[in-house]
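# can't give you the sequence, but here's the structure:
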């Protein structure tokens with residue numbers, strides 16, 4: 001009994017760790033059909049100061065049919081359906097759609113922006129709260145979504161899906177071993193360190209923007225006060241504590257937030273995801289120019305993959321709980337040709353110009369001697385012939 005309960009608990013945790021993107025992508029595809037069928041003025045979203053149009057009515061129905069089918073399926077039948085163009089568009093997509101699970105590991109490698117939406121593209125904005133990704137909002141053209149901290153944006157297009165992530169981290173290539181297949185060893189033990197550095201950089205940018213805003217708004221007043229009170233200048237640590245309300249222990253000698261504070265904030269924001277992080281990853285690789293892809297599932301933070309020689313690969317670590325890593329390049333093409341070219345070029349660069357000049361002069365002298373000897377020989381032969389005559 002205890003064993004079966006334990007197995008059931010493990011299965012529940014594993015299921016909860018995976019994020020199914022299928023419902024969100026189907027809502028986006030349905031709303032794309034709404035724009036195609038009912039868009040008139042280039043905008044399909046409903047605003048309070050505007051009358052509701054067929055397009056934004058269809059926009060709302062798409063989510064209801066996907067998430068509350070039993071309660072809303074009546075709008076796809078009867079007289080109401082015939083009198084409702086918005087319902088017809090959404091219900092037609094509902095009948096013809098392909099319902100299947102779509103895990104984040106199936107997404108292409110993430111990008112870092114900027115994000116551009118086509119006429120019928122739909123962007124899904126995910127926000128990370130307490131270690132979990134939650135769909136926050138859907139956007140359509142002409143809106144230009146911004147990739148902000150802790151955000152993950154998936155753009156659903158007519159011919160596929162594009163993945164944009166703020167969490168920019170990459171695996172590390174530990175070694176390459178040549179042979180019939182090139183054995184590449186990868187590791188990604190330092191994901192948290194990479195994200196911590198990214199958050200520190202974002203914090204510095206925010207601090208600089210706030211300082212710039214303060215100076216532009218109150219700069220002249222501050223300069224006047226500094227001229228009048230030369231002995232009471234405000235130091236940077238006091239200035240930062242005044243604006244950010246941090247304790248004295250949270251700053252180092254230069255007035256910057258300490259690494260301990262950044263680590264505490266990072267752990268507090270991501271504790272739940274750390275505790276629930278799944279132990280399996282998908283190592284994915286494909287040729288840079290396109291072609292056959294490869295995948296390998298591992299339950300550790302390192303892996304060894306076999307690659308064909310003579311190819312440049314893009315390799316990334318995918319996950320079923322988020323956007324995964326950005327790709328790294330692994331080049332298995334022979335390096336000796338390139339090295340020989342560089343070596344020859346280096347040897348040519350090292351040749352002394354004086355030696356080249358001396359060689360040219362020596363060649364001219366030898367050529368001149370040969371010409372003189374030939375002329376002397378021809379003259380001697382002519383004198384001998386005249387004497388014989």
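Alright, I've got the coordinates. Note that this is a predicted model, so its numbers are computed, not measured.
# from here on, contacts and neighbour counts on C-alpha atoms
Fine.
# Any stretches of the stretch 51-200 of the chain with poor pLDDT?
Low-confidence segments of the stretch 51-200 of the chain (pLDDT under 70): 51.
# nope, the stretch 251-389 of the chain is what I meant
Within the stretch 251-389 of the chain, the stretches with pLDDT under 70 are 251-279, 336-355, 379-389.
# Let's see that with 50 instead.
Within the stretch 251-389 of the chain, the ranges that satisfy pLDDT under 50 run 251, 253-255, 271-272, 274-276, 278, 337-339, 341, 389.
# Tell me which stretches of it form strands.
Per DSSP state E, counting those that start in this stretch, the stretch 251-389 of the chain carries strands over the ranges 281-287, 294-298, 302-307, 312-318, 328-331.
# Let me have those strands in JSON lines, extended by distance to residue 204 and mean neighbour count.
Shown next, in JSON lines, are those (distance: least, CA to CA, whole Å; neighbours: other CA atoms under 10 Å):
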{"stretch": "strand 281-287", "distance to residue 204": "32", "mean neighbour count": "21"}
{"stretch": "strand 294-298", "distance to residue 204": "36", "mean neighbour count": "14"}
{"stretch": "strand 302-307", "distance to residue 204": "32", "mean neighbour count": "18"}
{"stretch": "strand 312-318", "distance to residue 204": "28", "mean neighbour count": "24"}
{"stretch": "strand 328-331", "distance to residue 204": "27", "mean neighbour count": "17"}
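# Nearest to residue 75 among those strands would be which one?
Across the strands of the stretch 251-389 of the chain, residue 75 has its closest neighbour in strand 312-318 (39.3 Å, CA to CA).
# The closest one pairs with which strands, and in what direction?
Its sheet considered, strand 312-318 pairs with strand 281-287 (antiparallel), strand 328-331 (antiparallel) by DSSP bridges.
# Looking at the strands of the stretch 251-389 of the chain, which is nearest to residue 190?
Among those, strand 302-307 comes nearest to residue 190, with 11.0 Å by CA to CA.
# That closest one pairs with which strands, and in what direction?
Here, using DSSP bridges, strand 302-307 pairs with strand 182-187 (antiparallel).
# I'd like the next helix or strand past the partner strand.
Moving toward the C-terminus from strand 182-187, the next helix or strand (DSSP states H and E) is helix 191-228.
# The strands paired with strand 312-318: which one's closest to residue 316?
Residue 316 lies closest, by CA to CA, to one member of the strands paired with strand 312-318: strand 281-287, at 5.5 Å.
# So what touches that closest one?
With contacts defined as CA atoms under 8 Å, 6 or more residues apart in numbering, strand 281-287 is touched by 105, 292-301, 303, 311-320.
# hmm, 7 Å instead?
Residues outside strand 281-287 that contact it (CA atoms under 7 Å, 6 or more residues apart in numbering): 105, 292-299, 311-319.
# try stretch 73-80
Contacting residues not belonging to stretch 73-80 are listed as 65, 81, 87, 91 [CA under 7 Å, 6+ apart].
# Compare these and tell me which is most surrounded.
Of all these, residue 87 has the most neighbours under the rule other CA atoms under 10 Å, reaching 25 neighbours.
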